[in-house]
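**Student:** Sharing a sequence plus its predicted fold:
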Amino acid sequence: MRQTLLATMLLGAATAQADEGMWMPSQLPDIAAQLRAAGYQGNPADLADLTKAPMNAVVKVGGATGAFVSKDGLVLTNHHVAFGVIQYNSGKSSDGKDRDLIKDGFIAADRAGELPANPDYRVLVTTGFDRVTDRILANARGKQGRAYYDAVDAATKSVVSECEREAGTRCSVANMYYGTDFYLIRQLELRDVRLVYAPPEAIGNYGDEIDNFMWPRHSGDFTLLRAYVGKDGKPADYAADNVPYTPPAHLQVSTRHVHDGDFAMLAGYPGVTFRHRMASEFGNQIDWQLPSRIALFDGIIDTIDAAAKADKTAQVAYASQVQSLKNGLKRAQGELDGLRRSDAVRVRNEDEAQLLSWLARQPNAAATRRDIDAAQAILKASMATRDRDQLIGTIRGQTQLLRAALTVQRRAIERAKPDAERESGYQDRDEGLILGQLKQAQRRYSPGVEKAILVNLLAQYAALPAAQHVPEFDAVFGTTPAQIATKLDAMYAGTKLGDEAVRLATLQDANLANATDPLLVAAKALLPAYLRIEDEGKQREGDLLRLRPAYMHALIDFRKSQGRAVYPDANSTLRVSYGRISPMSPRDGIDYRPLTTVQGILEKHTGQAPFDAPKPLRDAIAKGDFGTTADPTLKTQTVDLLTNLDTTGGNSGSPVLDAEGKLIGLNFDSNWEAVSASWMYDPRYKRAIHVDMRYLRWLLAKVYPAPHLLQEMQLPAE
């Protein structure tokens, strides 16, 4: 009888490098010896208990990570993770005045002055993590394609619905090892989140895209939020009389000084890694996906910049979207460079050839190989429409009003079904998020910019081979530049969806299918195409869910024969990595020290963005009044620090803890040489970049003072 994947994986754990791996908390007691040998002074068994500190202080924030740092629901995360909240509160204030919190930063003088986040912003506290594989796969076995997908989907919805009977709970099912194991994630959903403290962008994003993924860094990439609940202590929508949430535990910011070689441990919600994908997928990533993504994002950024150039309001409205695109663009460029530098296609092909050679000598090899070959055939076939699928997905994902129109039209279709049969994202549990997305569109939209984005994307669509064209898109938008421009002008001149009240009213419109608003008419016409492409994807995904486990079992057993561990690819579930504060030598003659100081801020300062350090910061550096936050060895104020922790996207905002479990850093980036680690891990180059908590303390004490927050976090006032 085959062992469970978790047990099999742990047999090889003793040989894993201390700085490699994104471990599930439940695995940590099994590698307790390694954790202790690395320097951890706490009880590794406690790390597996999500109801105990420090794990119950780590939260999912806005698609990334954060942590509670006070008993009154204060949440520390990155400036860029909370950037949408900052942008949402910029523009016109309630008293009609213009405010630019992106440029100027924000400090709430008291709790009454804290500003509500955009309505769909969430803080999620993980309270449960349970294996439910047998329940999820019970009715799928023996099925194929769409039937297999639907069986897994129905079981997932049933498990989630049962879990969410408890009010205020958000549940999900995580797919581990590509369809082999499934876990039920239970989270407390905090819906009232408020902005407390944000440094100016020239601190929170110092260096912007020039420094993004680069070391040395000098960014104070942090923001403080606060989670609120109703007076009964339960999660609630925003209300002025809500009260701060009392977390079961919070992290204590360390006041000690850290050094090269010190133990470091990170807990967070890494997005997605692909280290266990097939060799053909590595090839597709390098040969097509990354180059096409770079071109796509670059074009959208240029389009937004040009369309909003003369409109300050539009620039503010699209600041968060542009920031996200720039980050994605640079990440794709770094990933492509790194994978090419590592010769990833050749290395992965050779490794897979060794795997298949080993497999041929194992019992039941023929059946396993049939499933592997079938999966590879499906992946190859999907390449025929990859350009079309990417563009059509982007047309929806990078617009506000068109996306809103598609959402409400799809919602109308789904609402006619029993809740359990609706598409995920359109069930009763999703109504609050849909409402929040429709509300926030108002502050992230300009008709001229959205039309410009669509002109750019539709021109690329029109240039696709005829075989990849979709009749509905051709009919709605036309196929020539002149047709596209004319049709878009008519749609956006005639739509009323730019009015928030009109947009929200569509949620109550029982006759939506007969609506005459041109964007709603267009969305209705486009929806069959989206549904058809979605159905094709589900057919493909169902077969891959059924077939990929054969590859994973073979890979795990092969790695075991090599004495190597296999930890699960990241999938936005809570993970822990550990290592140390670490220097790096990326190339001949270049050595990276693991700590940067405020001297580097002045060295980079040009007076022009993105190296325009604010005058209060420069004055404070010149004054040299660093107090107890100054590094005793360097004799100055530190800014950022470098570790060899294993991280990826989604780990932004992850707390970095010392050997005693105290907070020493806040993760915000990877180094350029390691961006490709989402696909291929290389311990020579993998580093993670964090805000040194001594810099945060100094900024709150001496530069943009918030003594009340230092007091709340039980930190010296300096």
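**Tutor:** Sure, I can see it. Numbers count the residues shown, from 1 in each chain.
**Student:** in the stretch 101-250 of the chain, which spans are helices?
**Tutor:** Listed in chain order, the helices of the stretch 101-250 of the chain (DSSP state H, counting those that start in this stretch) span 101-104, 133-137, 145-163, 201-204, 208-211.
**Student:** Val75 is in contact with Val69, correct?
**Tutor:** Yes: the criterion here is Cβ atoms under 8 Å, and Val69 meets it with Val75 at 7.2 Å. Glycine gets a C-beta too; all of them are placed from N, C-alpha and C.
**Student:** Find residues that contact each of these two.
**Tutor:** Counting by Cβ atoms under 8 Å, 6 or more residues apart in numbering, the contacts common to Val69 and Val75 are Leu224.
**Student:** from the helices of the stretch 101-250 of the chain, which stretch is densest packed?
**Tutor:** Each of these was scored by mean neighbour count; the highest is helix 201-204, a mean of 24, by mean count of other Cβ atoms under 10 Å.
**Student:** who does it touch, helix- and strand-wise?
**Tutor:** Secondary-structure packing of helix 201-204 (3 or more Cβ pairs under 8 Å, 6 or more residues apart in numbering; DSSP states H and E): helix 101-104.
**Student:** OK, contacts around the closest residue to Asp509 other than its chain neighbours?
**Tutor:** In space, and not counting its chain neighbours, Asp509 is closest to Ala515: 6.7 Å by Cβ to Cβ, 6 or more residues apart in numbering. By Cβ under 8 Å, 6+ apart, Ala515 lies in contact with Thr506, Asp509, Val521, Lys524.
**Student:** my guess is the last one meets Thr516, correct?
**Tutor:** No: proximity of Lys524 to Thr516 does not meet the contact threshold set by Cβ under 8 Å, at 10.8 Å.
**Student:** more crowded one of these two?
**Tutor:** Neighbours were counted for Lys524 and for Thr516 using other Cβ atoms under 10 Å; Lys524 has more, 21 against 8.
**Student:** mind listing what that one touches?
**Tutor:** For Lys524, the contacting residues are Gln409, Ala513, Ala515, by Cβ under 8 Å, 6+ apart.
**Student:** And Ile185, how close does it get to Asp428?
**Tutor:** 19 Å (Cβ to Cβ, to the nearest Å).
**Student:** So between those two, which is more surrounded?
**Tutor:** Neighbours of Ile185 and Asp428, each counted by other Cβ under 10 Å, are more numerous for Ile185; the result is 22 against 11.
**Student:** That one pairs with what?
**Tutor:** For Ile185, the beta-bridge partners under DSSP bridges are Phe129, Ser172.
**Student:** check contacts around it.
**Tutor:** Ile185 is in contact with Thr126, Gly128, Phe129, Cys171, Ser172, Val173, Ala174, Thr573, counting by Cβ under 8 Å, 6+ apart.
**Student:** got it, and Glu281?
**Tutor:** Per Cβ under 8 Å, 6+ apart, neighbours of Glu281: Phe274, Leu379.
**Student:** Then Ala249?
**Tutor:** Ala249 makes contact with Lys52, Ala53, Pro54, Asn56, Ala57, Phe68 under the criterion Cβ under 8 Å, 6+ apart.
**Student:** Can you say which helix or strand has the closest residue to it other than its chain neighbours in it?
**Tutor:** Residue nearest to Ala249 in three dimensions, not counting chain neighbours: Ala53, with 3.8 Å by Cβ to Cβ, 6+ apart. Under the criterion DSSP states H and E, no helix or strand holds Ala53.
**Student:** Against Ser26, how distant is Ala53?
**Tutor:** As for Ala53, its distance to Ser26 is 17 Å (criterion: Cβ to Cβ).
**Student:** ok, now Asn667?
**Tutor:** For Asn667 relative to Ser26 (Cβ to Cβ), the value is 22 Å.
**Student:** got it, and Leu519?
**Tutor:** 47 Å.
**Student:** quick revisit: quick one: buried ones out of the contacts of Ile185?
**Tutor:** By neighbour count, with 16 or more other Cβ atoms under 10 Å, the contacts of Ile185 hold Thr126, Phe129, Cys171, Ser172, Val173, Ala174, Thr573 as buried.
**Student:** can you redo the helices of the stretch 101-250 of the chain as a markdown table with mean pLDDT and distance to Val675?
**Tutor:** Below are the helices of the stretch 101-250 of the chain laid out as a markdown table (pLDDT from 0 to 100; distance: least, Cβ to Cβ, whole Å):
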| stretch | mean pLDDT | distance to Val675 |
| --- | --- | --- |
| helix 101-104 | 96 | 25 |
| helix 133-137 | 98 | 33 |
| helix 145-163 | 97 | 32 |
| helix 201-204 | 98 | 21 |
| helix 208-211 | 93 | 14 |
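**Student:** And those helices: which comes nearest Thr180?
**Tutor:** The closest of the helices of the stretch 101-250 of the chain to Thr180 is helix 133-137. By Cβ to Cβ, the value is 7.7 Å.
**Student:** Number of residues surrounding Pro44?
**Tutor:** 19.
**Student:** if I pick it, what's in contact with it?
**Tutor:** Counting by Cβ under 8 Å, 6+ apart, Pro44 touches Leu28, Pro29, Ile31, Ala32, Leu35, Arg36.
**Student:** rerun that using 6 Å as the cut-off
**Tutor:** Going by Cβ atoms under 6 Å, 6 or more residues apart in numbering, Pro44 touches Leu28, Pro29, Ala32, Leu35.
**Student:** so which helix or strand takes in the closest residue to it other than its chain neighbours?
**Tutor:** Counting by Cβ to Cβ, 6+ apart, the nearest residue to Pro44 once its immediate chain neighbours are dropped is Ala32, at 3.8 Å. Per DSSP H and E: Ala32 is located in helix 32-38.
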